[in-house]
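Asker: Test case, fold it:
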Amino acid sequence: MTVSSRGALGGKGFPDYVASKAGVIGLTRAMAMELRTRQIAVNSVAPGFTDTPMTHTMPEDQYAAAAALEPSGAAASPADIANAIAFLAAPTTHFITGQTLFVDGGKSLGGLGI
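Answerer: Numbers count the residues shown, from 1 in each chain. This next block holds a predicted model:
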């Protein structure tokens, strides 16, 4: 299991972050191909804007503006991300491999003013 970010889809002002998170997705896919004959699943979770200690280092108005851009008008909770990780880590999902699950309330679908 790897953790990427919705940022892997692109964005202005942080090309190094975009490249690193896109690289995680590429690594996930390559690892899945390498390990599939051993029946080891490798997947990635790509969170969107999430309520974490790191995001709370943002100025309050910046945090509120970022949360307002989310489809729900709020940041994801850490539990939202943990639930996705637990789902993909479950033995019952062994046939899912090489995939990236975007946990971003649908923002990665576009059309939401991003």
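Asker: What sits closest to the spatially most central residue of the chain if chain neighbours are left out?
Answerer: Nearest residue to the geometric centre of the chain (C-alpha atoms, centre = their mean): Ala46, 1.1 Å. The spatial neighbour of Ala46 that comes closest, neighbours along the chain excluded (C-beta to C-beta, 6 or more residues apart in numbering), is Ser4 at 4.3 Å. Any C-beta I mention is one placed from the backbone N, CA and C, and that applies to glycine too.
Asker: okay, now that neighbour: neighbour count?
Answerer: 23 (other C-beta atoms under 10 Å).
Asker: Can you check the pLDDT for it?
Answerer: The model reports Ser4 with a pLDDT of 98.
Asker: Now do the contacts for it.
Answerer: By C-beta atoms under 8 Å, 6 or more residues apart in numbering, Ser4 lies in contact with 21-22, 24-25, 28, 44-46, 100.
Asker: Can you list the buried residues in the lowest-mean-pLDDT helix or strand in the chain?
Answerer: Sorting the helices and strands of the chain by mean pLDDT, DSSP states H and E puts helix 60-68 at the bottom, at a mean of 95. Of all the residues in helix 60-68, those buried under the rule 16 or more other C-beta atoms under 10 Å are 63, 67.
Asker: distance between that helix and the chain's centre?
Answerer: Centroid displacement of helix 60-68 relative to its chain, using C-alpha atoms, centre = their mean, to the nearest Å, is 19 Å.
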